[in-house]
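>>> The following comprises the amino acid sequence and a computationally predicted model.
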Amino acid sequence: MLDDFLVRAALAGLGVALAAGPLGCLVVWRRMAYFGDATAHAAMLGVALALAFDVSIFAGVLVVSMLMATLVSTLSGRGFAMDTLLGVLAHSAIAFGLVAVSFLSGVRIDLMAYLFGDILAVSKGDLAIIWGGAVLVLALLAWRWQALLTATLNPDLAQASGLDPRREQLVLTVALALVVAVAIKVVGSLLIAALMIIPAATARPLARTPEGMALTAAGIGALSALGGLQGSLWFDTPTGPSMVCIAALLFLVTLLLDGLRRGLAQRRSGRASG
C-alpha cells in the first residue's frame with residue numbers, strides 16, 4: 001500500500017495535521033501565532049546547515065527550530081516588544097537561510113520544495129519520521145496537557161499549584177520544534193504556522209471545552225490535508241498551499257455560520273424580551 005505515492009502523501013498530511021491541530025490550540029490560546037511563525041521560518045536555516053554539514057534535514061531543522069524558539073522565549077522577557085522581536089527574528093532567519101543555501105556549491109536544492117512543501121515526494125523513510133515525530137508530539141501534549149492548560153490560562157494559578165510556567169513553556173517549545181521539523185516536507189517552512197493556527201481558529205466556535213477544541217482542530221487539519229491533496233490532483237495546484245486554502249475556506253464557512261447563529265440568537269432573545 002505504501003508503494004503508492006498518493007497513499008504516502010495522504011498519510012503524511014494526516015500525521016502532520018493530527019499533531020499540529022492540538023498544538024495550534026495552545027499557540028492560539030497563548031496568542032503566540034508569530035512565535036510559531038518565527039520558529040517555522042528558522043527551518044530554512046536548518047535545511048541549509050544540514051546540507052552544509054551533510055546531516056539529516058530533520059535533525060538540522062529540529063536543532064535550529066529549537067534554538068530559535070528558545071531564543072525567542074529568552075529575549076521576550078528582557079524589554080523587547082514581542083511583535084517587534086518576532087518580526088526581526090522570523091524574517092532574519094528565513095533570509096539567512098536563503099543566503100546560506102546560495103553558498104552551497106555542488107548541492108542541488110529545490111527551494112520551492114522547502115518553502116512550500118513537496119508532499120507528493122514523501123518516501124517511506126520520510127513517512128516514518130513524520131509519524132514518529134507526530135506520535136512523540138501527541139504523547140508529550142497528552143502527558144503535560146493539564147499543566148500546559150493551567151499555565152496557559154492562568155500562570156499565577158499554575159505557580160500556586162506547584163507548576164513552573166517556564167518549564168511548561170519549554171515543553172511547548174520542544175513540541176513546536178518537532179512539528180516544524182516533521183512538517184517541512186509536507187507544507188514547507190512558509191506554511192507550517194498556517195497549518196497550526198487556522199484549524200485551531202476554526203475549531204474555537206465549534207467546541208465547548210479545551211479538549212474538544214483540540215480534537216476538533218485535529219479533525220479540521222486532517223480534512224484540510226486530504227481536501228488539499230484531492231484539490232491539487234483535480235486542479236493541478238501545489239499541494240501544500242492547497243491544504244492551507246482548504247483550511248482557510250473551512251475557517252470562513254465556520255465564521256459565517258457562527259455569525260448567523262449569533263444573529264438568530266439575538267433575534268430570539270429580542271422577541272422573548274418584547
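That came through fine.

>>> who's in contact with residue 207?
By Cβ atoms under 8 Å, 6 or more residues apart in numbering, the contact set of residue 207 is 213, 215, 216. C-betas here are computed from N, CA, C, even on glycine.

>>> and the second one, how many residues sit next to it?
Each residue near residue 215 was counted by other Cβ atoms under 10 Å, and the total is 17.

>>> before we move on, back to that, quick one: which of the contacts of residue 207 is nearest residue 161?
residue 213 (22.1 Å; Cβ to Cβ).

>>> Looking at the closest residue in space to that closest one that isn't next to it in sequence now. What's its pLDDT?
Closest residue to residue 213 apart from its sequence neighbours, by Cβ to Cβ, 6 or more residues apart in numbering: residue 207 at 3.8 Å. Predicted confidence (pLDDT) for residue 207: 91.

>>> ok, back up a step: between the contacts of residue 207, which is nearest residue 172?
residue 213 (16.2 Å).

>>> Relative to residue 28, how far out is that closest one?
Going from residue 213 to residue 28 by Cβ to Cβ, to the nearest Å gives 9 Å.

>>> any common contacting residues for these two?
Common contact partners of residue 213 and residue 28 (Cβ under 8 Å, 6+ apart): 200, 204.

>>> can you give me the offset of whichever strand or helix holds residue 23 from its chain's centre?
Secondary structure from DSSP states H and E places residue 23 in helix 5-29. A distance of 8 Å separates the centroid of the chain from that of helix 5-29, by Cα atoms, centre = their mean, to the nearest Å.

>>> how about that helix: buried residues?
8-29 (16 or more other Cβ atoms under 10 Å).

>>> just stretch 128-143 next, same as before
Within stretch 128-143, the residues scored as buried using 16+ other Cβ under 10 Å are 129, 130, 131, 133, 134, 136, 137, 138, 140, 141.

>>> what do you get for stretch 59-76?
Buried-residue list, stretch 59-76, by 16+ other Cβ under 10 Å: 60-73, 76.

>>> ok, now stretch 259-271?
For stretch 259-271, a neighbour-count test (16+ other Cβ under 10 Å) marks nothing as buried.

>>> That stretch - what's its average pLDDT?
So the average pLDDT for stretch 259-271 ends up being 82.

>>> shaky segments in the stretch 1-150 of the chain?
Along the stretch 1-150 of the chain, the model assigns pLDDT under 70 to residues 1-3, 76-82, 107.

>>> Could you pull out the helices in it for me?
Secondary structure of the stretch 1-150 of the chain, counting by DSSP state H, counting those that start in this stretch: helices at 5-29, 33-41, 43-52, 57-75, 82-102, 111-116, 124-153.

>>> Could you say which one of those comes nearest to residue 181?
Closest among the helices of the stretch 1-150 of the chain, once you apply Cβ to Cβ, is helix 57-75, at 4.0 Å.

>>> Run the angle between the closest one and helix 43-52 for me.
130 degrees (axes from the mean of the first three to the mean of the last three Cα atoms, to 10 degrees).

>>> Tell me how far helix 57-75 lies from the chain's centre.
Relative to the mean C-alpha coordinate of its chain, helix 57-75 is positioned 14 Å out (Cα atoms, centre = their mean).

>>> and what of stretch 205-214?
The chain centroid and the centroid of stretch 205-214 are separated by 18 Å under Cα atoms, centre = their mean.
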